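Visitor: could you look at this predicted model? Sequence included:
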Amino acid sequence: MNVKHIFIVTYGRTGSTLLQGLLNSIEGVVVRGENYNLCYGLYKSFISLRKMKTEPKEDGLSPTQPFYGKHLIDESLFIERSRQLIQEQLAIPNDSSVKAWGFKEIRYTQAGLEDKWGYQLKSYLDFMSRIFPDSAFIFLTRDHEHVVKSAFWKERKTQEAIKDIQSFENVARQWSQGKKSAFWIDYKDIVSNNERLIDLYEFLGANYSKEKINDILGVEHSYAGKKENLRKTKNIKEVVIKYKVEASEYVEHFFLDKDGKVDTDSSGRVRISGVCLLKNEYVENFSDLSIVSAGKQNDVRYRLPSPKIAEFFPEHSASFNSRFDLESVELADHFYLIAKLDGKKINLISFTASEEGD
């Protein structure tokens, strides 16, 4: 590992729990969840400590002075003890098995850090850098319009929430400029498992495995998509979820039936069916089509008859048999249609629940 500490710095509903899950899959890495800005209390205490040491003109040597003893203040000791306290409270093992540790937090916007002295983000991150040397600060973003539609922001007016998010990103980018400890990534980079995610692993000094990451991405993280949240308490027997689709370079044509909508049954399971037509040069060498969802691999019936597709692609060798079907699979925010190509497992399609799935 290139770092000793890892922090996910973001706002609500960016997929931070998903990123947390990915990071914890790295051998020797422990990234805990949110803690309501536990370190911010230490930061405020440190500000008071520093003011006590630097602002009063008196030397603090006499018991007759208001700030008696100020000369004994030890900032370095405070920093050292703060790091030790956080490690203990987060129950991070103090042994060689842990190569890097940290946590994720979503309360970095003005609503969480602004006080009578203004927005404290930059100085707070400076403080974090001092407590935790050799750190990686991973700034996670997501489309603002999508984010503010979630329940996390329901108490805020839409434009007010977006302005808060934009302010955070602007100030955070200013702080990040020129810092080797800062890395920016977007939610879409994670769910599509693209080059930017590879860059993140390289930045951390961790081994990247696309297959392993795809398996993790298929596991439910956080709240969105869980059947108990989707159906709430209204006795709804079915829920319709719209999925966005991202196809790999191996695919000529793809669609899900019902325009990407899937119906869940009362147990929260879904039926997935559609068309997956690979490019001609890959057709003969692919096999074992399956869907990874909720951490499980489910075999898919494929090469089913598709006469309508054959009408659109008459010259394509596989267009007559390009349908697939999976009768029942556990509901999750992310699905992955995978196959073997020349015996190697590849990711053909990524499905991500859109707004209707939040």
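Guide: Alright, I've got the coordinates.
Visitor: what does the pLDDT read for the nearest residue to Arg107 once chain neighbours are set aside?
Guide: Using Cβ to Cβ, 6 or more residues apart in numbering and skipping residues adjacent in sequence, the residue nearest Arg107 is Asn37, 4.9 Å away. Glycine gets a C-beta too; all of them are placed from N, C-alpha and C. Per-residue pLDDT puts Asn37 at 93.
Visitor: mind listing what Asn37 touches?
Guide: The contact partners of Asn37, by Cβ atoms under 8 Å, 6 or more residues apart in numbering, come to 105, 107, 112-113.
Visitor: quick one: it from Gln20, how far?
Guide: 16 Å (Cβ to Cβ, to the nearest Å).
Visitor: try Gln87
Guide: 18 Å.
Visitor: these two: who's more crowded?
Guide: Gln20 (22 against 16; other Cβ atoms under 10 Å).
Visitor: doesn't that one lie inside a strand?
Guide: No - assigned with DSSP: H, G, I helix; E, B strand; the rest coil, Gln20 falls outside any strand and is helix.
Visitor: correct me if wrong: it contacts Ile6.
Guide: No - look at Gln20 against Ile6 with Cβ atoms under 8 Å: they stay out of range, at 9.7 Å.
Visitor: mutual contacts of those two, please.
Guide: Joint contacts of Gln20 and Ile6 (Cβ under 8 Å, 6+ apart) are Val31.
Visitor: can you count the residues close to the nearest residue to Phe313 once chain neighbours are set aside?
Guide: Spatially, and ignoring its direct neighbours in sequence, Phe313 is nearest to Ser319 (3.9 Å; Cβ to Cβ, 6+ apart). Number of residues near Ser319 (other Cβ under 10 Å) recorded here: 22.
Visitor: could you pull up the residues touching Ser319?
Guide: Applying Cβ under 8 Å, 6+ apart, the residues near Ser319 are 277, 306, 309-310, 312-313.
Visitor: among the residues you listed, which lie within helices?
Guide: 309-310, 312 (DSSP state H).
Visitor: between these, identify the one with the most neighbours.
Guide: Ile309 (20 neighbours).
Visitor: in this structure that one contacts His253, no?
Guide: Yes - using Cβ under 8 Å, Ile309 is in contact with His253, at 7.3 Å.
Visitor: what do those two both touch?
Guide: 275, 277, 322.
Visitor: any of those residues buried? List them.
Guide: For the shared contacts of Ile309 and His253, a burial check counting by 16 or more other Cβ atoms under 10 Å picks out 275, 277, 322.
Visitor: is it true that the first one lies in a strand?
Guide: Yes - note on Val275: a strand contains this position according to three-state DSSP.
Visitor: which ones are touching it?
Guide: 253-255, 306, 309, 322-324.
Visitor: and it, how far from Val147?
Guide: Distance from Val275 to Val147, by Cβ to Cβ: 32 Å.
Visitor: likewise the second one?
Guide: Distance, Leu277 to Val147, using Cβ to Cβ: 34 Å.
Visitor: for this structure, longest helix please?
Guide: helix 158-176.
Visitor: so for it, what's the average pLDDT?
Guide: 95.
Visitor: need the residues that contact it.
Guide: 9, 11, 108-111, 119, 121-122, 125-126, 137, 139, 141, 144-145, 147-148, 153, 156, 182, 184.
Visitor: which ones among those map onto strands?
Guide: 9, 119, 137, 139, 141, 182, 184 (DSSP state E).
Visitor: hmm, Thr141 and the last one touching each other?
Guide: Yes - with contacts defined as Cβ under 8 Å, Trp184 counts as touching Thr141 at a distance of 6.9 Å.
Visitor: more neighbours: those two, which one.
Guide: Comparing Trp184 with Thr141 by other Cβ under 10 Å, the one with more neighbours is Thr141, at 20 against 17.
Visitor: who does the more buried one bridge with?
Guide: Asp186 (DSSP bridges).
Visitor: hang on, isn't it packed against Gly15?
Guide: No - Thr141 lies out of contact with Gly15 (Cβ under 8 Å); the separation is 9.7 Å.
Visitor: could you look up the SS state of Asn207?
Guide: Per three-state DSSP, Asn207 ends up coil.
Visitor: and it, what does it touch?
Guide: Counting by Cβ under 8 Å, 6+ apart, Asn207 has contacts 26-27, 201.
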